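Give the three-dimensional model of this entry:
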Amino acid sequence: MRRRRLAIVAAAMLGGCTNMVMSERPLFTQADAKGAPVFRPGVWASPEPGCEVDLKSPLAGWPKCAHGDVMGSNGLSDPNIPLKSMVAVGDPFIVQIVIPAELAKAAKDLPGGGASVLYAAIKPTRTDDKGQVIAFEGWPVECGPPSAPPRKAEDGSDIRFVTKAPLPGVTMVEDHCLAAKAATVRAAASASRGWQTEVHETRWIRDGKD
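Down below sits the predicted model:
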């Protein structure tokens, strides 16, 4: 899967879809979002180590390694993309992104075809004086421990190797797995934190859209 800027709260951690927990339908509802964090709108970034970028400069001139984007209070980075994204409350928070069928079919590298539901986990690390999140850590929700350390794709994202030890409750389907219960996703999210070789912080940079 190409790293589309689907939602900034998930883009930095989704990388390739390999070894990722997915579902055929949304497993979390708006009831699970009650009390979800509000993100401070504006320009956000998650620079890779060694990335040379002047975060005070216009966003349009930033290199890809800065992973910069504009985010609204709900975590979406592009209001023109018809996504259904939500954050389910818990420890960690779960980001659920529903990709409509028309987008999934257009992106032939998405597994399964049709509508796909992707999951990631986030942990807010800082808030402002209004209680809005201004920094968080994020990581993919994985099917089980990767069978080998990740390697870098051309766009800098991690390519995870398919697990040889799937977690209870997931069904392996080619290079990803399917979950049928929200509890399975939550358990996988907690376990996945320990399998990350590095977890980058994504942080708010400034107000505005550039």
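
which secondary structure elements does the helix or strand hosting A121 contact?
Applying DSSP states H and E as the criterion places A121 in strand 116-127. Packing partners of strand 116-127 (3 or more C-beta pairs under 8 Å, 6 or more residues apart in numbering; DSSP states H and E): helix 8-14, strand 21-23, strand 93-99, strand 133-140, helix 182-192. (Each C-beta comes from the backbone N, C-alpha and C, glycine too.)

before we move on, what SS does M86 have?
strand (DSSP: H, G, I helix; E, B strand; the rest coil).

before we move on, the earlier item: restricting to C-alpha, output the strand holding A121 in CSV.
Only the C-alpha atoms of strand 116-127 are listed here, as CSV (Å, rounded to 0.1, in the frame of the first residue of the first chain):
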residue,chain,number,x,y,z
SER,A,116,-10.9,-2.0,3.7
VAL,A,117,-10.8,-1.0,7.4
LEU,A,118,-7.3,-0.2,8.7
TYR,A,119,-6.2,0.2,12.3
ALA,A,120,-3.4,1.9,14.1
ALA,A,121,-2.7,2.8,17.7
ILE,A,122,-1.8,6.2,19.2
LYS,A,123,-0.8,7.5,22.6
PRO,A,124,-1.0,11.2,23.2
THR,A,125,2.2,12.5,24.9
ARG,A,126,1.5,16.3,25.2
THR,A,127,-1.5,18.6,25.3
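
model confidence over that strand, on average?
Confidence for strand 116-127, expressed as mean pLDDT, is 91.

coming back round to it: compare the helices and strands packed on strand 116-127 and report which one is nearest to V173.
Among the helices and strands packed on strand 116-127, the nearest to V173 by C-beta to C-beta is strand 21-23 (8.3 Å).

Run the chain-centre distance for that closest one.
From the chain centre to the centre of strand 21-23 is a distance of 13 Å (C-alpha atoms, centre = their mean, to the nearest Å).

For burial, what's the neighbour tally of K64?
13 (other C-beta atoms under 10 Å).

Quick check: it vs E52, distance?
12 Å (C-beta to C-beta, to the nearest Å).

What's the local residue count around V43?
When neighbours are counted by other C-beta under 10 Å, V43 registers 20.

What separation is there between it and D128?
V43 is 15 Å from D128, where distance means C-beta to C-beta.

next one: I134
Plainly put, I134 is 5 Å away from D128 if you go by C-beta to C-beta.

Quick check: neighbours shared by these two?
40, 204 (C-beta atoms under 8 Å, 6 or more residues apart in numbering).

Of those two, which one has the most company?
Taking neighbours as other C-beta under 10 Å, I134 and D128 compare with I134 leading, 18 against 11.

Tell me the span between the first and last residue of stretch 100-117.
For stretch 100-117, the first-to-last residue distance is 9 Å (C-alpha to C-alpha, to the nearest Å).
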